[in-house]
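A.B. asks: have a look at this prediction, sequence included:
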Amino acid sequence: QVQLVESGGGLVQAGGSLRLSCAASGNIVSINAMGWYRQAPGKQRELVAAITSGGRTNYADSVKGRFTISRDNARNTVHLYLQMNSLKPEDTAVYYCNSEYYVSSYDLEVSWGQGTQVTVSS
């Protein structure tokens with residue numbers, strides 16, 4: 001299993017920046033792709049950004065050019081980051097870290113963090 005813990009959320013004014021972090025523990029050698037999702041009140045959870053084990057990235061259109069996802073694969077730990085610049089009130093949501101990991105040669109499962117609140121005031 002893989003456990004994920006997010007940090008770095010908070011309250012920021014529009015136009016400001018925040019950096020989210022996610023620390024992975026457990027069977028980290030099995031981790032494949034990782035990503036950040038968000039869920040605003042009354043809305044479905046949506047993908048914000050994702051990164052493969054090889055470093056290929058993918059972003060939601062709404063955050064392209066403003067957010068940057070990165071990943072640090074150290075020997076004993078994996079960290080996922082989301083640098084958020086030029087924040088807008090519509091970026092307000094609970095942000096979740098997500099990880100795919102192999103449980104066998106062919107089977108993947110998904111872990112989620114507990115979420116961290118990001119609030120952008122206008």
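C.D. replies: Everything's here; your move.

A.B. asks: any idea which residue of the protein is furthest from its center?
C.D. replies: Distance from the centre of the chain peaks at Ser105, with 24.9 Å (C-alpha atoms, centre = their mean).

A.B. asks: center of the chain, which residue is that?
C.D. replies: Centre-nearest of the chain using C-alpha atoms, centre = their mean is Trp36, 2.4 Å out.

A.B. asks: what helix or strand is that residue on?
C.D. replies: strand 31-39 (DSSP states H and E).

A.B. asks: so which bits of that strand are buried?
C.D. replies: By 16 or more other C-beta atoms under 10 Å, the buried positions in strand 31-39 come out as Ile31, Ala33, Met34, Gly35, Trp36, Tyr37, Arg38. No exception for glycine: its C-beta is placed from N, CA and C like everyone else's.

A.B. asks: is Trp101 in a bridge, and if so with what?
C.D. replies: Quick fix: residue 101 reads Tyr, not Trp. Ile31, Glu109 (DSSP bridges).

A.B. asks: ok, it touching Gln3?
C.D. replies: No: the pair Tyr101 / Gln3 is not scored as a contact, 10.6 Å apart, by C-beta atoms under 8 Å.

A.B. asks: which residues are in contact with both of these two?
C.D. replies: Common contact partners of Tyr101 and Gln3 (C-beta atoms under 8 Å, 6 or more residues apart in numbering): Ser111.

A.B. asks: of these two, which one has the most company?
C.D. replies: Neighbours per residue, other C-beta atoms under 10 Å: of Tyr101 and Gln3, the larger number sits with Tyr101, 21 against 15.

A.B. asks: can you give me the strands in the chain?
C.D. replies: With strands called from DSSP state E, the chain shows them at 2-7, 10-13, 18-26, 31-39, 46-51, 57-59, 67-73, 78-84, 93-102, 108-112, 116-121.

A.B. asks: where in the chain is pLDDT low?
C.D. replies: Within the chain, no range satisfies pLDDT under 70.

A.B. asks: again, only this time at 90
C.D. replies: For the chain, residues meeting the criterion pLDDT under 90 lie at 1, 27-30, 73-77, 103-106.
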